[in-house]
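[1] Kindly return the folded structure for what I paste below:
(one chain, ligands or ions: 1)
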Amino acid sequence: MDKRMKIINEAEAFLRGKLGGITPEVGIVLGSGLGKFGDKIEPIEVIPYKDIPNFVTSTAMGHKGNFIFGKVSGKYVCAMQGRFHYYEGYPMDVVTLPIRVMARLGIKTLFVSNAAGGINTGFQVGDLMIIEDHINTMPNPLIGPNHEQFGERFPDMSCAYDQEIIAKAEEIARKLKIRVRRGVYLANTGPSYETPAEIRFYRTIGADAVGMSTVPEVLVARHCGLKVFGMSIITNEANSIISQVKINHGEDVVRIADEAADKMSKIFTRLVGEL
Ligand code: HPA
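    Next comes the predicted model:
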(Lines give C-alpha, C1' and ligand atoms only; values in the text may rest on other atoms or scores of the structure.)
Protein backbone atom coordinates (compact mmCIF):
# COMPACT_ATOMS: atom_id res chain seq x y z
CA MET A 1 0.00 0.00 0.00
CA ASP A 2 1.06 3.58 -0.71
CA LYS A 3 2.77 4.82 2.49
CA ARG A 4 0.71 8.00 2.42
CA MET A 5 -2.49 5.94 2.38
CA LYS A 6 -1.28 3.89 5.34
CA ILE A 7 -0.84 6.96 7.55
CA ILE A 8 -4.30 8.22 6.59
CA ASN A 9 -5.90 4.82 7.23
CA GLU A 10 -4.32 4.49 10.67
CA ALA A 11 -5.44 7.93 11.84
CA GLU A 12 -8.90 7.39 10.36
CA ALA A 13 -9.36 4.01 12.04
CA PHE A 14 -8.38 5.43 15.42
CA LEU A 15 -10.72 8.42 15.18
CA ARG A 16 -13.58 6.39 13.74
CA GLY A 17 -13.35 4.24 16.85
CA LYS A 18 -14.04 7.37 18.93
CA LEU A 19 -17.02 8.49 16.84
CA GLY A 20 -19.50 5.86 17.87
CA GLY A 21 -21.02 5.72 14.41
CA ILE A 22 -21.57 9.48 14.17
CA THR A 23 -20.80 11.22 10.87
CA PRO A 24 -19.56 14.79 11.33
CA GLU A 25 -20.89 17.20 8.70
CA VAL A 26 -18.40 20.01 9.07
CA GLY A 27 -14.67 20.09 9.79
CA ILE A 28 -13.14 23.19 11.31
CA VAL A 29 -9.48 24.21 11.45
CA LEU A 30 -8.76 26.73 14.18
CA GLY A 31 -5.57 28.73 13.70
CA SER A 32 -3.38 30.96 15.90
CA GLY A 33 -5.36 32.20 18.87
CA LEU A 34 -8.63 30.93 17.40
CA GLY A 35 -8.77 27.74 19.45
CA LYS A 36 -11.30 29.61 21.58
CA PHE A 37 -14.06 28.55 19.21
CA GLY A 38 -13.42 25.10 20.65
CA ASP A 39 -15.29 26.32 23.78
CA LYS A 40 -18.43 26.83 21.66
CA ILE A 41 -18.48 23.19 20.70
CA GLU A 42 -20.57 20.87 22.90
CA PRO A 43 -17.86 18.24 23.24
CA ILE A 44 -18.40 14.54 22.73
CA GLU A 45 -14.71 13.62 22.58
CA VAL A 46 -11.60 15.78 22.99
CA ILE A 47 -8.53 13.93 21.75
CA PRO A 48 -5.00 15.33 22.14
CA TYR A 49 -3.01 15.08 18.89
CA LYS A 50 -0.33 13.08 20.69
CA ASP A 51 -2.84 10.22 21.07
CA ILE A 52 -3.76 10.10 17.35
CA PRO A 53 -1.60 7.84 15.16
CA ASN A 54 0.60 9.85 12.76
CA PHE A 55 -0.57 13.25 14.02
CA VAL A 56 2.23 15.50 15.18
CA THR A 57 2.16 18.18 17.83
CA SER A 58 1.76 21.80 16.86
CA THR A 59 4.72 23.82 18.09
CA ALA A 60 3.26 27.23 17.16
CA MET A 61 2.06 29.54 19.93
CA GLY A 62 -1.66 29.86 20.45
CA HIS A 63 -2.31 26.33 19.20
CA LYS A 64 -3.79 23.91 21.71
CA GLY A 65 -3.38 20.60 19.92
CA ASN A 66 -6.75 18.87 20.31
CA PHE A 67 -9.07 17.14 17.90
CA ILE A 68 -12.62 17.76 19.06
CA PHE A 69 -15.78 15.89 18.11
CA GLY A 70 -18.93 17.57 19.16
CA LYS A 71 -21.99 19.59 18.25
CA VAL A 72 -22.39 23.16 17.05
CA SER A 73 -25.86 24.57 16.36
CA GLY A 74 -27.28 21.04 16.50
CA LYS A 75 -24.86 19.63 13.91
CA TYR A 76 -22.03 17.17 14.38
CA VAL A 77 -18.64 18.73 13.71
CA CYS A 78 -15.01 17.89 14.19
CA ALA A 79 -12.47 20.60 14.89
CA MET A 80 -8.72 20.92 14.91
CA GLN A 81 -7.74 23.13 17.82
CA GLY A 82 -4.42 24.12 16.26
CA ARG A 83 -2.93 23.16 12.92
CA PHE A 84 0.38 21.88 11.58
CA HIS A 85 2.50 24.33 9.62
CA TYR A 86 5.01 23.74 6.87
CA TYR A 87 7.43 26.11 8.64
CA GLU A 88 7.50 23.75 11.61
CA GLY A 89 9.36 21.37 9.35
CA TYR A 90 6.55 18.92 8.65
CA PRO A 91 6.14 17.60 5.11
CA MET A 92 2.97 18.63 3.27
CA ASP A 93 1.48 15.13 3.67
CA VAL A 94 1.62 15.63 7.42
CA VAL A 95 0.43 19.26 7.31
CA THR A 96 -2.68 18.17 5.40
CA LEU A 97 -3.24 14.73 6.97
CA PRO A 98 -6.09 15.95 9.20
CA ILE A 99 -7.99 17.18 6.13
CA ARG A 100 -7.82 13.80 4.37
CA VAL A 101 -8.84 12.10 7.62
CA MET A 102 -11.80 14.44 8.19
CA ALA A 103 -12.89 13.87 4.58
CA ARG A 104 -12.77 10.12 5.23
CA LEU A 105 -14.83 10.57 8.39
CA GLY A 106 -17.55 12.07 6.24
CA ILE A 107 -17.41 15.87 6.46
CA LYS A 108 -18.84 17.69 3.46
CA THR A 109 -17.64 21.19 4.31
CA LEU A 110 -14.38 22.53 5.72
CA PHE A 111 -14.06 25.82 7.63
CA VAL A 112 -10.55 27.22 7.89
CA SER A 113 -9.36 30.15 9.97
CA ASN A 114 -6.08 31.92 10.49
CA ALA A 115 -4.30 35.01 11.74
CA ALA A 116 -2.95 37.09 8.86
CA GLY A 117 -1.11 40.29 8.14
CA GLY A 118 -3.14 42.95 6.33
CA ILE A 119 -1.78 43.98 2.94
CA ASN A 120 -4.81 45.90 1.71
CA THR A 121 -4.25 49.46 2.95
CA GLY A 122 -7.96 49.76 3.76
CA PHE A 123 -7.74 46.98 6.37
CA GLN A 124 -7.34 47.60 10.08
CA VAL A 125 -5.93 45.43 12.82
CA GLY A 126 -8.73 43.29 14.24
CA ASP A 127 -10.69 43.18 10.97
CA LEU A 128 -12.24 39.91 9.83
CA MET A 129 -11.66 38.95 6.21
CA ILE A 130 -13.67 36.32 4.39
CA ILE A 131 -11.26 34.55 2.06
CA GLU A 132 -12.68 34.78 -1.47
CA ASP A 133 -9.61 33.45 -3.25
CA HIS A 134 -5.97 32.71 -2.63
CA ILE A 135 -2.49 33.01 -4.12
CA ASN A 136 -0.19 30.12 -3.30
CA THR A 137 3.56 30.57 -3.06
CA MET A 138 4.09 27.42 -0.96
CA PRO A 139 4.91 23.97 -2.34
CA ASN A 140 1.70 22.34 -3.55
CA PRO A 141 0.64 19.46 -1.25
CA LEU A 142 -0.84 17.61 -4.24
CA ILE A 143 2.59 17.10 -5.83
CA GLY A 144 3.39 13.39 -6.10
CA PRO A 145 1.43 10.38 -7.30
CA ASN A 146 -2.25 11.33 -7.33
CA HIS A 147 -4.42 9.96 -4.51
CA GLU A 148 -7.02 8.58 -6.95
CA GLN A 149 -9.31 7.48 -4.10
CA PHE A 150 -9.72 11.12 -3.09
CA GLY A 151 -9.82 13.09 -6.29
CA GLU A 152 -8.52 13.89 -9.72
CA ARG A 153 -4.97 14.67 -10.86
CA PHE A 154 -5.67 18.27 -11.84
CA PRO A 155 -8.30 19.63 -9.47
CA ASP A 156 -10.06 22.81 -10.51
CA MET A 157 -9.42 25.88 -8.34
CA SER A 158 -11.54 28.39 -10.24
CA CYS A 159 -13.98 28.49 -7.32
CA ALA A 160 -12.02 27.18 -4.35
CA TYR A 161 -14.08 29.09 -1.78
CA ASP A 162 -17.81 28.34 -1.82
CA GLN A 163 -19.78 31.34 -3.06
CA GLU A 164 -23.05 30.34 -1.40
CA ILE A 165 -21.42 29.94 2.00
CA ILE A 166 -19.68 33.30 1.58
CA ALA A 167 -23.04 34.94 0.85
CA LYS A 168 -24.59 33.30 3.93
CA ALA A 169 -21.66 34.39 6.12
CA GLU A 170 -22.00 37.98 4.91
CA GLU A 171 -25.71 37.94 5.67
CA ILE A 172 -25.08 36.57 9.17
CA ALA A 173 -22.38 39.20 9.81
CA ARG A 174 -24.78 41.93 8.68
CA LYS A 175 -27.47 40.71 11.09
CA LEU A 176 -24.95 40.47 13.94
CA LYS A 177 -23.59 43.95 13.05
CA ILE A 178 -20.09 42.56 12.66
CA ARG A 179 -17.99 44.20 9.95
CA VAL A 180 -16.42 41.71 7.57
CA ARG A 181 -14.15 42.32 4.60
CA ARG A 182 -13.56 40.08 1.63
CA GLY A 183 -10.18 39.43 0.16
CA VAL A 184 -7.43 37.33 -1.33
CA TYR A 185 -5.17 35.42 1.07
CA LEU A 186 -1.58 34.90 0.03
CA ALA A 187 0.25 31.98 1.62
CA ASN A 188 3.98 31.89 1.98
CA THR A 189 6.07 29.40 3.89
CA GLY A 190 7.31 31.71 6.64
CA PRO A 191 8.62 31.53 9.28
CA SER A 192 10.23 34.92 8.54
CA TYR A 193 7.82 37.79 8.11
CA GLU A 194 7.77 39.67 4.81
CA THR A 195 10.15 42.38 3.72
CA PRO A 196 8.65 45.72 2.64
CA ALA A 197 9.52 44.85 -0.98
CA GLU A 198 7.67 41.55 -0.69
CA ILE A 199 4.62 43.31 0.72
CA ARG A 200 4.65 45.78 -2.20
CA PHE A 201 4.95 42.84 -4.59
CA TYR A 202 2.10 40.92 -2.94
CA ARG A 203 -0.13 44.01 -3.04
CA THR A 204 0.68 44.51 -6.72
CA ILE A 205 -0.29 40.94 -7.59
CA GLY A 206 -3.63 41.24 -5.82
CA ALA A 207 -3.22 39.96 -2.26
CA ASP A 208 -5.18 41.52 0.60
CA ALA A 209 -3.68 39.51 3.45
CA VAL A 210 -0.66 37.29 3.99
CA GLY A 211 -0.08 34.30 6.22
CA MET A 212 1.80 31.05 6.62
CA SER A 213 -0.95 28.44 6.54
CA THR A 214 -4.42 27.48 5.26
CA VAL A 215 -3.78 27.15 1.53
CA PRO A 216 -2.27 23.63 1.71
CA GLU A 217 -5.39 22.54 3.64
CA VAL A 218 -7.70 24.20 1.11
CA LEU A 219 -5.95 22.56 -1.86
CA VAL A 220 -6.31 19.13 -0.27
CA ALA A 221 -9.91 19.79 0.77
CA ARG A 222 -10.82 20.76 -2.79
CA HIS A 223 -9.01 17.69 -4.08
CA CYS A 224 -11.27 15.66 -1.76
CA GLY A 225 -14.35 17.45 -3.15
CA LEU A 226 -15.12 19.34 0.06
CA LYS A 227 -16.78 22.74 0.10
CA VAL A 228 -14.51 25.33 1.71
CA PHE A 229 -15.16 28.47 3.72
CA GLY A 230 -12.31 30.52 5.18
CA MET A 231 -11.80 33.53 7.40
CA SER A 232 -8.71 35.50 8.38
CA ILE A 233 -8.27 37.73 11.37
CA ILE A 234 -6.06 40.67 10.49
CA THR A 235 -3.69 40.79 13.44
CA ASN A 236 -1.14 43.29 12.17
CA GLU A 237 -0.47 45.62 9.30
CA ALA A 238 1.85 43.93 6.91
CA ASN A 239 0.96 46.96 4.77
CA SER A 240 2.85 49.69 6.56
CA ILE A 241 6.11 50.04 4.72
CA ILE A 242 7.12 53.15 6.66
CA SER A 243 6.05 52.27 10.18
CA GLN A 244 8.06 49.03 10.38
CA VAL A 245 6.12 48.14 13.53
CA LYS A 246 7.90 45.27 15.17
CA ILE A 247 5.65 42.26 15.02
CA ASN A 248 5.62 40.21 18.17
CA HIS A 249 3.92 36.92 17.41
CA GLY A 250 3.95 35.95 21.08
CA GLU A 251 1.90 38.95 22.21
CA ASP A 252 0.28 41.10 19.53
CA VAL A 253 -0.79 38.41 17.12
CA VAL A 254 -2.29 36.11 19.74
CA ARG A 255 -4.01 38.90 21.76
CA ILE A 256 -5.62 40.61 18.77
CA ALA A 257 -6.66 37.27 17.35
CA ASP A 258 -8.33 36.53 20.68
CA GLU A 259 -10.54 39.62 20.56
CA ALA A 260 -11.57 39.12 16.96
CA ALA A 261 -11.99 35.37 17.57
CA ASP A 262 -15.15 36.11 19.56
CA LYS A 263 -16.72 37.73 16.50
CA MET A 264 -15.52 34.98 14.21
CA SER A 265 -16.90 32.33 16.58
CA LYS A 266 -20.35 33.94 16.43
CA ILE A 267 -20.31 33.87 12.64
CA PHE A 268 -19.04 30.26 12.49
CA THR A 269 -21.65 29.08 15.00
CA ARG A 270 -24.57 30.55 13.05
CA LEU A 271 -23.12 29.49 9.74
CA VAL A 272 -22.83 25.83 10.78
CA GLY A 273 -26.51 25.97 11.74
CA GLU A 274 -27.48 27.35 8.33
CA LEU A 275 -25.50 24.98 6.12
N1 HPA B 1 2.78 37.83 7.83
C2 HPA B 1 2.69 36.50 7.73
N3 HPA B 1 1.95 35.77 8.55
C4 HPA B 1 1.27 36.39 9.53
C5 HPA B 1 1.34 37.77 9.69
C6 HPA B 1 2.15 38.54 8.79
O7 HPA B 1 2.25 39.76 8.86
N8 HPA B 1 0.54 38.09 10.75
C9 HPA B 1 0.01 36.93 11.20
N10 HPA B 1 0.46 35.90 10.48
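
[2] how about Tyr86, what does it touch?
    Neighbour list for Tyr86: 92, 95, 138-139, 189-190, 212-213, 216 [criterion: CB atoms under 8 Å, 6 or more residues apart in numbering]. For every residue, glycine as well, the C-beta is placed using N, CA and C.

[3] Which residue ranges of the stretch 1-150 of the chain form helices?
    Ranges of helices within the stretch 1-150 of the chain are 3-19, 92-95, 97-105, based on DSSP state H, counting those that start in this stretch.

[4] same check, this time on the stretch 151-275 of the chain
    Ranges of helices within the stretch 151-275 of the chain are 163-175, 196-204, 215-223, 254-274, based on DSSP H, counting those that start in this stretch.

[5] Report the rounded mean pLDDT for stretch 189-200.
    Averaging the model's pLDDT scores along stretch 189-200 yields 94.

[6] how about it: buried residues?
    Residues 190, 193-194, 198-199 are the ones in stretch 189-200 that count as buried (16 or more other CB atoms under 10 Å).

[7] Please identify the most buried of the helices of the stretch 151-275 of the chain.
    Comparing the helices of the stretch 151-275 of the chain by mean neighbour count (mean count of other CB atoms under 10 Å), helix 215-223 comes out on top with a mean of 25.

[8] Could you tell me the angle between that one and helix 97-105?
    For the pair helix 215-223 and helix 97-105, the angle between their directions (axes from the mean of the first three to the mean of the last three CA atoms, to 10 degrees) equals 20 degrees.

[9] Other residues contacting helix 215-223?
    Residues external to helix 215-223 that are found in contact with it (CB under 8 Å, 6+ apart): 29, 83, 86, 92, 95-96, 98-100, 103, 110, 112, 134, 136, 138, 140-142, 147, 150-152, 155-157, 160-161, 185, 187, 228, 230.

[10] Surely Pro145 and Lys3 touch.
    No. Using CB atoms under 8 Å as the test, Pro145 is too far from Lys3 to be in contact (10.6 Å).

[11] excluding its backbone neighbours, what's nearest the residue of the stretch 51-200 of the chain found nearest the ligand?
    Nearest to the ligand in the stretch 51-200 of the chain, going by CB to the nearest ligand atom, is Gly117, at a distance of 2.2 Å. Nearest non-adjacent residue to Gly117, counting by CB to CB, 6 or more residues apart in numbering: Ala238, 3.0 Å away.
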